[in-house]
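A.B. asks: The sequence isn't on hand, but the structure is:
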């Protein structure tokens, strides 16, 4: 039941928000609502722990003639993704208080609509329902980025929409095709989809369709071209939602069913996929070093970081898959933290250009410290969350191939280079005319960032708790590939 | 049968009201009459009866589609008061002719004999030629009616010729007899029969506006008064596609043959050409014309993929397409009134001036594009599943590619409404009209979320 509440509550909040007119009330209500959803997620987590992996299933008939049923539930992987989503939404909403968006009721309503769709994606145990939520998430994302976005938003967000929509359509074809290969009577239930018998050729085609859909979302090189522009032009809130949560849908989809359904093809084409992902890591890192716009830099760094996750997923080793799940959470937290900090700087200086900034640490020490911590998490320094995930991912890659691990390992060096260099140029040195008057983090911004910092250390220091939750399910997935 | 009788009475009654100069009674009587005839139609559910030596066969499929047609007409009539407000001349002729067109459409859903099919099509078409030109002062309307009439009557000749050839080879107009003839042929058909079959397909394809018989559609749609364009794009198209579907299901019962390839190719071409050309249209009305062309391609999928599921697939598809299209046309009417044209620039900033209207148009566009969880998605999904089950993988891939292309133009109005600066003109909408619009938007959402309401029917 908690699973259904988790989906319906954001929807209800989203609808109620549309009826409120006063901006202050909207904000308070949105924040309270997002915390309430997080509360439900925590309750679900506790229940999941106490009933020892009972999956919190909810089943209802929907379109039984077509083998579609409303089947929602959570295993460890879903649970972590739901926790991530519900944790990040309050942070994102808090950070949005920095700005006064036009039409606030629509804005916050869309955020909750998106949260609902994301939770739906992570909790549906039925292929078609998964697809419906997957597409549904795109509409509010597009509206948030397009309506409240920055320069050239029409062209950029249109590209983003078309790219991801076309990718999903391939998934739809593969999905319906797969449906007819499931045992009679056909069903979209995950267990049935896993049980489908596929010839190697069919596996290849279905793999190709799924990979395209997921790779565009993640994005994997060379399907990433929509990403930097979209992240840059989107409002801060939009970038956070996209980078923090939405792209995890792609990796989640890969783990959840691309691997179990077409494992032969996954094994066969893994080298190709890993090479693409690793190319993306190096390529995006090199570009990130040369960026002057902080948001763009983070966008490219995101391609590199998720490239590593994608590469790890394809090795099909226990370490990598565990690492991929934990790194999805870490990356979500870190990148949202980075975007919040950049947003705070932009709010104060009206610029995101690294060359215009400098010496902020002198004037705003709290901002500089928080920024440093998030940055270190992102660089994967030991004791921070990034380290756990990247270490496991690289370990898995190492088991798979030393060469791949060596090249992919560059990501840590590269990210240290571009992140620390950015830090040096913006935070350290002398102040200039722009940064002269910069003020430190406000209380609201601290309220948004402190949970992020806590999570960075918590996952970094006690990763076992998070890894244990997903272990049985990851083992299950690996079992499918045997 | 009661449907046909009740609609005839309603049509005549409309004309009499005109004679008695009761213009203000017209719409209430018509709307009530349509509701009554829907109720009467529903009573035929599960009766499976035939009339006049099998001229008319009433089965659940025909009842369901008749309901869909009358319901579409009901929605269109609910917009008529606003559309024709301020028109001083009597309107009983236009309304009466619309009801007779609807009558023809209903005949096309329940024919059991090719003569009846031809009668239905002619009743529908002749009424439409009049309707297309009903805006007498406008040159475009005259152009539309002339084009439609010349081409339409020419293609009706094809249809009739086809029926004659089928009669010549099978010895009957009756669908049951033709079906027996088809079975007796055992896969080897006389050339005359095939020639007749293809002429029949061409005649019907013209009415559905399928590539390569679609050239009339954009011009005629553009010139015809907008309310009647909505009628053409929904009621007429549904009737023509169901006529074709009925012919194939009742005579061939899923026997495959050369015609499969023909319809396959037409469907693929329609989807691709309709959507690709849709990308380059300067205004909303022409865009909707191409959208309606491409949707006829999707509907043809159901004809090729005849199976136990295809009745439902076609019903869901035509219904969700019709509602979303009428919704789009309803808003198009408002825009044309306020701006005098319907270029995409007229939509600029509509989200600021009329947020609820903009939202409804967004729903319509997203549904037509097939984005979940709206009706259009469920319809497409169900149709594609039906087609894939029949092994039409490539046709489904073409159809999905078409959907991907179509998103690009369905987003044009959305982008204009939400992302462009407004030019300050606020649309004036009265409450009843708004209620119709909201009702249709609600239906689009509801059918998407609760598709089993429609899917479980047939």
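C.D. replies: Arrived safely, thanks for sending. A quick note: this is a predicted structure, and the numbers were derived from the prediction, not measured.

A.B. asks: Next, the contact list for the residue in the stretch 51-200 of chain A that chain B sits nearest to, please.
C.D. replies: Closest residue of the stretch 51-200 of chain A to chain B, CB to the nearest CB: residue A:132 (4.1 Å). Where you see a C-beta, it was placed from the backbone N, CA and C, and this is true even at glycine. Taking CB atoms under 8 Å, 6 or more residues apart in numbering or on different chains as the contact definition, residue A:132 lies against A:120, B:372-373, B:377.

A.B. asks: ditto for residue B:223
C.D. replies: When contacts are taken as CB under 8 Å, 6+ apart, residue B:223 is in contact with B:132, B:138, B:140-145, B:147.

A.B. asks: what about the spatially closest residue to residue B:354 that is not a sequence neighbour, distance to chain A?
C.D. replies: What sits nearest to residue B:354 in space, not counting adjacent residues and going by CB to CB, 6 or more residues apart in numbering or on different chains, is residue B:427, at 5.0 Å. According to CB to the nearest CB, to the nearest Å, residue B:427 stands 19 Å off from chain A.

A.B. asks: can you check residue B:234 too?
C.D. replies: Note on residue B:234: its distance to chain A, by CB to the nearest CB, is 25 Å.

A.B. asks: How many residues are close by that residue?
C.D. replies: By the measure other CB atoms under 10 Å in any protein chain shown, the count of residues near residue B:234 is 27.

A.B. asks: Please name the nearest non-neighbouring residue to it.
C.D. replies: residue B:322 (4.0 Å).

A.B. asks: what's the answer for residue A:63, then?
C.D. replies: Residue nearest to residue A:63 in three dimensions, not counting chain neighbours: residue B:452, with 5.6 Å by CB to CB, 6+ apart.

A.B. asks: Let me know the pLDDT of the one you found.
C.D. replies: Note on residue B:452: pLDDT of 83.

A.B. asks: Kindly report the same for residue A:388.
C.D. replies: Model confidence at residue A:388, given as pLDDT, is 89.

A.B. asks: now the strands: where do they sit in the chain?
C.D. replies: All of this is about chain A. In chain A, strands defined by DSSP state E lie at A:58-63, A:68-72, listed in chain order.

A.B. asks: meant chain B, my bad for not saying
C.D. replies: Across chain B, reading from the start of the chain, the strands by DSSP E fall at B:49-51, B:56-58.

A.B. asks: closest to chain A out of those?
C.D. replies: Using CB to the nearest CB as the measure, strand B:56-58 is the one of the strands of chain B that comes nearest chain A, at 24.6 Å.

A.B. asks: tell me what the closest one is packed against?
C.D. replies: strand B:49-51 (3 or more CB pairs under 8 Å, 6 or more residues apart in numbering or on different chains; DSSP states H and E).

A.B. asks: Next up, phi/psi of residue B:256, please.
C.D. replies: Main-chain dihedrals, residue B:256, degrees, to the nearest 10: phi -90, psi 160.

A.B. asks: what's the longest helix in the chain?
C.D. replies: Using chain A. helix A:318-349 (DSSP state H).

A.B. asks: Chain B was what I was after
C.D. replies: Longest among the helix segments of chain B by residue count, using DSSP H, is helix B:139-170.

A.B. asks: Alright, that wraps it up for me.
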